[in-house]
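# one predicted model, sequence on top.
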Amino acid sequence: MHALTPRGLYLLTPDTADTPRLLAETRQALDAGITWLQHRNKCLDGAGREAQASALLALCREYRVPLIINDDMHLAARIGADGVHLGEGDGDLRAARELLGPRALIGASCYDDIERARHAVQAGASHVAFGAFFPSPTKPAARRATPALLREAAVLPVPKVAIGGITPDNGGLLTAAGADLLAVISSVYAAPDIGAAVRAYHSCFPDTT
C-alpha cells in the first residue's frame, strides 16, 4: 500500500463533528487523487474521534490511500491506521515506532529546525514535516520556514512534507526546493469544488503527472 517515494498532496481533515459530510467531501478528494490522508480533529472527544477515524480508514482502504492519525499513536494502533503524526509534546517517536511496527508511516513536525528533523529520523520517523512556509488560517502564529530549509534537508533519507498556507500557485516553489508532499487543509475542504481543488495541486508535481 505504501509508496516507497511518495509524491503528491497530503490532505489533512478539518475540525468537524459532521462525519457524513466529512466522508462525502473526502471521497471527492480521493477520487481526484491524493497521496496520503491525515485525520486531524481537535473538536471531538475520544469516542467521537475514534469513530470518525475508523470511518475514514474504511474509506481510505477503498482507494488504497494510507490514513495517518494526528497526535495519537494509541488511537492509530487501536483502529489499525497506517501511521501517526507527532508534533512537539505529542509523544515519543521511538515509542510510536515500537507500538506501530516497522512499516508504519510515522511523521514528525520539525517546524523550521533541521536539527530536530535529523533527531527525528534517528528516532524512527519515516518522514519529516517543515513549515509553516506561508501564512496559514489553521495556525496563524506558526513558526515560519523557508524553501532553503527544504534544500538543506535534501540529505535526509526520508520524504519531506511542506505545510502552511500552501496553494497551487506557491506549491511548485516548494516541490522544486525538495518537498515530496504538500500538506493542506482549508484550501481543499473549504473549496466550492473539492475535486477541482485537489487536481489544481497536481501541477506542483510535474514528474508524477
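Now that the structure is in, tell me what you want to look at.

# from here on, contacts and neighbour counts on C-alpha atoms
Noted.

# quick one, helices of the chain?
Ranges of helices within the chain are 19-32, 46-63, 73-79, 93-100, 114-123, 147-152, 171-177, 186-189, 194-201, based on DSSP state H.

# now render those as CSV, adding mean neighbour count.
Listed next are the helices of the chain as CSV, based on neighbours: other CA atoms under 10 Å:
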stretch, mean neighbour count
helix 19-32, 17
helix 46-63, 17
helix 73-79, 18
helix 93-100, 18
helix 114-123, 17
helix 147-152, 17
helix 171-177, 19
helix 186-189, 20
helix 194-201, 19
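
# nearest to Gly165, out of the ones you listed?
helix 186-189 (8.3 Å; CA to CA).

# read off the pLDDT value for the nearest residue to Leu105 once chain neighbours are set aside.
Nearest residue to Leu105, sequence neighbours excluded (CA to CA, 6 or more residues apart in numbering): Gly83, at 4.3 Å. Gly83 carries a pLDDT score of 98 in this model.

# any idea how far Phe58 lies from Val65?
Phe isn't right for residue 58; it's Ala. For Ala58, the distance to Val65 (CA to CA, to the nearest Å) stands at 10 Å.

# ok, back up a step: now do the contacts for the residue nearest to Leu105.
If a contact means CA atoms under 8 Å, 6 or more residues apart in numbering, then Gly83 has 66-69, 73, 76, 100, 104-107 as its contacts.

# among those, which two are most distant?
Pro66 and Met73 (15.0 Å).

# phi, psi of Ser136?
Dihedral pair for Ser136: phi -120, psi 130, per degrees, to the nearest 10.

# so it is in contact with Gly164, correct?
Yes: under the criterion of CA atoms under 8 Å, Ser136 makes contact with Gly164 at 5.2 Å.

# mind checking pLDDT for the residue of the chain positioned farthest from its centre?
For the chain, the largest distance from the centre (CA atoms, centre = their mean) belongs to Ala47, which lies 22.3 Å off. Ala47 carries a pLDDT value of 95.

# what do you get for the one 3 residues further on?
Glu50 is assigned a pLDDT of 97 by the prediction.

# ok, the spatially closest residue to Leu156 that is not a sequence neighbour to Leu182 distance?
The shortest distance from Leu156 to any non-neighbouring residue, by CA to CA, 6+ apart, is to Arg118 (7.2 Å). In this structure, Arg118 and Leu182 are 20 Å apart, going by CA to CA.
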